[in-house]
Each structure stands twice: as structure tokens, then as C-alpha cells.
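Q: sequence? don't have it. structure:
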């Protein structure tokens, strides 16, 4: 059995930032385990620009953004192993992993940071009826084929879901010579950034049909046609609104799911809302010494926020390693009113927390001219009016330790005008 | 007088802008909620520009292609010309972030540079 | 000239081929698809029925009970997953309990062992999620679940290892009988054979009717299913059937042999012999009916849905044996449920019929054991490390969801009758069968197929034919 102070599961943006931050906090013995053949995670295939405005004040492509963190990691001489799959994490923080070179091996860690990222919702999980031919890809799978393997996965394309990866792939496929017929979105609003709708769809005359879904897939061997239909307020297809598109490819961009199979095996409590671990103000999960950050914790809109969160996770893991995680035990819940769908963290230790705490959250619907209201201990701590809030965008507020000393819970809500 | 209809990309509001033009000169921008809409509207109708990102074939690298971008904005109308200009380009590994792949692409004065190590 | 050509490499054709290889002769299996196990065998309930459903005296009853008895030993001999988990036929308060008693009596007549009727208290002990109004159930401890892919592939591989030839992408267009032997034409080839076994699933009537005036009529009966993530696999621990109706055994809820949860099938008669599409109505019926058996089904854990076609012959029973007006032509037709359970016994009988008709001697070199693809997850820590040292490919995970390594996939591609498509790999190793449904591993599996099956990227398919994955290089 090997020993490391800190083991980080995943070498994507979250894992990189957590490792660098822990090193800066004085942790020498760090091991990053990455399942792919290079560091940087999914950013390597996100070759479009628009990353890093918050972190570097400039617009970078995905691989460039990752590259900046990878350089820091190399400068800090932080150990990492590629092509390495973590198979198990025990409650006592024994990490079992495997690769072709070292075989199956175990590492005893003083602290673990979960940074495994997320996966895309598949056709099966969406339960779309029809045949099951070749030519149905998640947008991310198509992105890998085009941007890493240099292969063309389709020529005539329908896209379901207007998440950012779907929008980005609409443009990418168009630039490579494909015809993107339509992007259908189940919800009455897009899940993607406005900029992407303009620069990826409008620039190329690709129609976006809101409140539409796929109701049939034709083609016994390869996709031959896809039928979409309008949905009502109940999100069920409205008979008579069907439109059939002849195409050879259906791309799916219908949401991301944190990959928490390892966390569950480890005994980490998982939120039914975020599908990620329930964490406290130090991003520590229900298993002591196991921290989480990035898209495995909750799906982020911008990678900049992943890096910021992961930096904190690395910092908190470092103090756990140095101080043994002594805690006053008192925790209070952060409660959401439903319009605020979730917060991260979900719990706060009012006595142990640092002086300020950034709470990130998402709303359940589109709210115009509404206010975010945070209350605790009978006091209103925050009231912030926003022109617009949408489920596709993460929001955040900063709480002060001094406001929470006597609170028995913190309440997050939206008040509409 | 000519009217152009745009969606502002300044924030998630996505205001529906109407830009009124006369002989190529912007007369007014309406429909915006804030100043950013006005700025975006004027730029987008007079000189729309984009960063182009794509790939070129790489020999001997980890992957079949290496990611590239135009080092700065290019005129929107040149997007397809640039993508086509990249079709025939092959580079040899090693390639580093920032390496110039194609100088002064399509007469824009802008270089295409690598954005991924390979 | 072949001694026997078997048409169809599903569970039935493959079982017959394997049993035929016990005899000395020249045998060929023709399969219309790119791989074995590509029709009804790949999309069904994966149940080894105990044998109480079929009418006593019917071929279904005979072969079900015998097949079920053979299955466990076969699963060891041929190394395919099988688990005797037992089944329950449940009866609601408002249903007729005497129907269960009839099934019990029928089962006893068919020779099913250890059947008994149990009451709600005992059911709840066995299945805590059973629906609230279930009063009693017929418990059949001999019922089991099996991997239909594993079984079919094992039969076929063992047949091939014992000398049986296989031809794929070889759909039969025409069969004629000339000068006492058969001429079988595919799109590109013509074969001659002394005998023919018709195991062509939903197409068995078309083939049969080319040589016989006693016509068969097979209706494809579609069954739609939903498959859940392994995290939902413990929701039930037995196969739970509803009281049967005239369209079949109703919607069942069962764990699969690999630990997923499976719901289905519907039963809809259709015209298209390849109509394996799911429908919104069908899937919603699956969910509605399953809820009558089991409560709190975790629908957010559905990972895929699919449809299969049962080959329902108008007579309602299996048609097994030599065609009366065309000697040398043997049918294994109308094989709907309990076809999978019956396959081992049908294989033995049909092979024997063929061998007798040709007076074939025993194949002295026959080796009935076959080793499946190693499941490296089941090895100990030390064993696994030994394996990776010898073959580093076993240290490289390709399919994250099911923890399948490159070693297992390379074995699947390079072994006897190796995989030639993503679906072929999936059925042999489960790579791509997990919760992400191959979202991550498709490009990596393509690489392995290119390298080990010697294909170009444009030649790699999901399931043969035109099911290509990419159209060529972007650059």
C-alpha cells in the first residue's frame, strides 16, 4: 500500500485546480489519478473559445484553459498517473486504482478530493421511442470524434437539446460540412448561453424550436429520419404537430449527470436534486476527509466557477490534512424554497466556517425582475434584484460568518415582483 | 432606412434589438435594456467579427487532429474561407499551444495558431 | 455438399449447430446478420421458465421442462451466466385464485419440481416492494435468469470450435430441392446440402413455405422492454409474473443475471418482421402494468428501452421436426416464449433427428467445454495483477460503467467467431451496456475494432450492414 496525503480522483479542470491549491497550502504529497491519456479532462475536446473570462480575463479555448493549469501542475511537480481508473474508494480513504503499468494498486490517503466530472444523459435515459440504429450520439461523443479523432459522425443532423455542447456541435458540424436541420428543445427556453445561440445557430441559419421533442427515430441500421413534435405545458407531445426530418444523425444534448458511482460505493450521501454529494461549507462530503468539487458535485455553467470551487476544495482538504479535521460538529441546513432549486453547500458549520462563504445555486424556472432573498436567524441577510435568472445559469451569493452565529438554518428563496 | 433584428448576447436576458441603419450608418438601436445592447447592436451590424476554432490534421501525435484558432477576431464573412483553407493543412507532432499553423489566413492579417499540445 | 445447413444463428440455430457437432459431418450455419444472436435472441426477457405455463402435452411444455433441466449444467460446461433465482406468478385480491391453482396443477403435470402457492406474508418477506393488493403467488424455485447473448454465443463458439462453419451477412433468398438435395441461395453464394434446419426465427415461415405445401404462418409479436441501471437491480430478487392472459405471460419485473432490473414485454402483433422500434404507447404500457406488480419502481434509473419480436405461429406451439412433405428439411419454427428456456433441449432433439436421417457417426473429437471471455472483475487482487503483468491490456479500462478492459474487448474480437461490430462487443463483454450507453467508450471501442478486426473507421459498424458510425475523415 502506498501513502499520500492527498489523492485527487480526476485530472480535469476540477482536479487540476484542487491539486495546485493544496500544494500552495503546503501539501507535498499529492497524487492525481486521471483515467484518460492526458490531463485536462473534457476541456481537451472543447476546442471552441469562451473559457476563462473570469479567471484569466481573456477568452481561451478549452485546451488552452486546461493548458494553463497543467503548466502550473507541472511547475509544482505534482505527481499524476494517466490511463488510471479508480476502481474503489473506501470509507477509510483507501483508493484502489488500476492501469496497465502499475496493475491494480492501493493508496492510503489522508484526504481525497472527488473530481470525476459528469456524463451526458443518453438516449436510453431519455426514453425516446423508435428504432435503435447507428447515428445517435451524445453531443460530447460526437465532439470527441470530430475534435480528437478527426472523424465525421454525420452529414445531415438533427439535434435534441439546446445545452451548450449541442449548440457548439451545431456550429462545429456545420463548419465541417454537415447540414444541421434543426435544434429541438423540450423546454420553453434554451439551456444554453445566449451567445452560443447567436454565434452557433443564428450565424448559420439553424432553426431552434423551443417546446419541441423527438417522438420517433426511423432507420433500422443507420438513422434515416427523426420526427419532432411540439410539447404542451405538461411537456407531452401535442398530436398533429409532428414534423419529419430526413437525416442520418441525431445528436443529444439533454443534460449532464454527475458521475458519482465511486462516491456512492464510498458511502457518500448524494443529493437527489444535484445528483452530487451533499457537502458542508468546506466542500466535505458526509464521509470525513472526502471532499468534492466541479461537475461531480453539481453541474456548472462555466469552467471558471469549477476552478474557483476546486481551488477551495484543495484548500479545505489541505487544512483537513494539517489539522485532522477537528470540528465543532454543529451544522445548520441551507433550505431552498423550490424556486431556488438547490444550493452548494447544502450545510454550513456556523462556528467552523471561514469568514465568508460563496454559496452557488440554480433556480428552477426563468424569473424576470425577481429578487434573491437569503434569511437566517430571523434576519434578511441578502436581497438582490436580478433582471433575469434562468435554470441554465448558476447564481451565487456570499455569506458572512458573523451573520450566521445564532442561526438554526439559512433560507434561500426567490421573491417575484 | 433599413432595419436589422438581432438578439443581444450581452447577458442571459437576450433582448430583441432593432438596429435602424441609413446608408450603412447606424441611426438607432432599440429594444435594449442596457448600454451593452447598444454597443453590441452597433458592432454587429457594421463590423461583425468572430474567432474561428477548428482542427488540422497532425502526423505522429496522440490524436488524429490538433486544435487551432484564429489568434484574434476575423470578419464573420470569412469563416468558411478560413475553415476551407485549413482543410489541406497537415502538421507534424510535436505541436505546442501558440505555434503558428497558418500565417495571415485568407488575407485577414490574422494567424491561425495551435490551441492543444500534440 | 454439406451434410446439414442450419439457417439462423440465434439461440435455437446455435444450439442445434453445437449439438450437431457431436456428430461427424460437414455443417454450415447461415446467418443473415453480421453476427450470431442478432434477432429474437438479443431482445427478450432472458428468463429460464420453470415450465408450468405450457399446455401439458404440447411441445412447449416438453422442451421447456427439459431445457430448464439441462440449462444449469450447460451454463457451467459452456461458461455462460445463469442464476436460479426463482419466480413468482402473483395474484391480486380481485383476481381469481383458482387460476393460480390451475397453473400449479399444470406445472405438476408438466413435471415442474417444488412448485407451491404462497401467501402474502411470505411474498412480502421475499419481495418487500410487492404491490399492496397482491394476495398470493405461485412460487417456482426452479425458474432462473440467463444471459441470452452469453448462451447463444457459447453454443455458436463451441459449434465452430468443433468444426461447424459459419457464414454471416448470408440471408437466404431461395431454397429448392433438386435430385434429393437442397440448393440454398444467398445474395452472393449458392450452397448445396443434404439436409436443412430451419431456425430462421420470424422468417421461418417464409423458408418453410418455399419447400412445403403445408404452409406455416408466423406473426411477429412485438415486446417492448425497459432496462434499469444496476443501482435498481435489487428492487426485486425474483422474476415476478402476472397471471397469464391469452396474449402471453403479461408484463414481468425481474432482475437480470447481470444485476440490472428489467420490465416488459408488451405483446403487439405486427406485420414488419424487422419492426423492432419502441413506441411511446408501448413503453408507457410497460410502466403502467409493471406498477401493478411492484411498487416504487425508480423510473429515473431507466438506462435504455428496446423491443424484440417473438415468432408466433398460428397453431400456438413450437414446430419441431422433419417436414412431412419435404424430407430432409427440419423445422425449428414458431419459437416464441419459452424458446430460450427450450433451446438446449430443441438443440439435442433436432440434431439427433438430422444425424439419424443421415446415419452420421459420432464425432470422436467433440469437446463440449468452452471457456468464455474472462471477467477480470471477478478475479482477486493478486490474480488480477498477475494477469495485467502478463497482458497489460487487462489494466486498461475501456467501458467505465461496466468496468470492461481492453483485454476483454480484444479477446471478444479475436476469439472464435469474434465480434465485428459494437453490438457484437457489447453482447460478448457488456461494454457499452451500462448507464452511459457507450457515450464515452464508442471512440475507444472503434479504435480496438480497427486494430484487431482490421477495419477502417468507415467500416466499423454498430450492427453490420449500413450501420456505419462515421463517414470519413474531417481533414
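A: Arrived safely, thanks for sending. A quick note: this is a predicted structure, and the numbers were derived from the prediction, not measured.
Q: and chain A, which residues reach chain B?
A: A:37-38, A:44, A:47-49, A:59-61, A:63-64, A:67, A:146-151, A:175-176, A:193-195, A:197-199, A:202-203, A:387-390, A:392-393 (CB under 8 Å from any CB of the partner chain). The way it works is simple: take the backbone N, C-alpha and C, and place the C-beta from them, glycine included.
Q: ok and the residue in the stretch 1-150 of chain C nearest chain B?
A: Residue of the stretch 1-150 of chain C nearest chain B, by CB to the nearest CB: residue C:34 (25.8 Å).
Q: tell me how many other residues crowd the closest residue to residue C:40 other than its chain neighbours.
A: What sits nearest to residue C:40 in space, not counting adjacent residues and going by CB to CB, 6 or more residues apart in numbering or on different chains, is residue C:201, at 5.0 Å. Using other CB atoms under 10 Å in any protein chain shown, residue C:201 is surrounded by 29 other residues.
Q: okay, and which of the residues of chain A next to chain B map to helices?
A: Counting by DSSP state H, these place A:63-64, A:67, A:146-147, A:175, A:194-195 in helices.
Q: any stretches of the stretch 251-400 of chain A with poor pLDDT?
A: A:325-328 (pLDDT under 70).
Q: contacting residues around residue 39?
A: If you meant another chain, say so; for now it's chain A. By CB atoms under 8 Å, 6 or more residues apart in numbering or on different chains, the residues touching residue A:39 are A:11-12, A:16, A:32, A:66, A:70, A:73, A:80, A:82.
Q: other chain: chain C
A: C:8, C:10, C:33, C:201-202, C:309.
Q: which one of the residues you listed is nearest to residue A:407?
A: residue C:309 (61.8 Å; CB to CB).
Q: quick one, phi/psi of that closest one?
A: Dihedral pair for residue C:309: phi -120, psi 120, per degrees, to the nearest 10.
Q: what are the ranges of the helices in the chain?
A: Looking at chain A here, since you left the chain open. A:13-24, A:53-56, A:62-75, A:123-126, A:139-147, A:164-175, A:194-196, A:261-266, A:303-323, A:401-404.
Q: not quite, go with chain C.
A: C:11-20, C:59-77, C:97-110, C:120-126, C:148-161, C:204-211, C:280-293, C:339-358, C:381-390, C:406-414, C:422-429, C:442-452.
Q: take those helices and lay them out in JSON lines including mean pLDDT and distance to chain B.
A: Output for these, formatted as JSON lines (pLDDT from 0 to 100; distance: least, CB to the nearest CB, whole Å):
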{"stretch": "helix C:11-20", "mean pLDDT": "98", "distance to chain B": "38"}
{"stretch": "helix C:59-77", "mean pLDDT": "97", "distance to chain B": "43"}
{"stretch": "helix C:97-110", "mean pLDDT": "95", "distance to chain B": "60"}
{"stretch": "helix C:120-126", "mean pLDDT": "97", "distance to chain B": "52"}
{"stretch": "helix C:148-161", "mean pLDDT": "98", "distance to chain B": "32"}
{"stretch": "helix C:204-211", "mean pLDDT": "98", "distance to chain B": "45"}
{"stretch": "helix C:280-293", "mean pLDDT": "95", "distance to chain B": "32"}
{"stretch": "helix C:339-358", "mean pLDDT": "98", "distance to chain B": "43"}
{"stretch": "helix C:381-390", "mean pLDDT": "97", "distance to chain B": "22"}
{"stretch": "helix C:406-414", "mean pLDDT": "98", "distance to chain B": "17"}
{"stretch": "helix C:422-429", "mean pLDDT": "97", "distance to chain B": "19"}
{"stretch": "helix C:442-452", "mean pLDDT": "97", "distance to chain B": "10"}
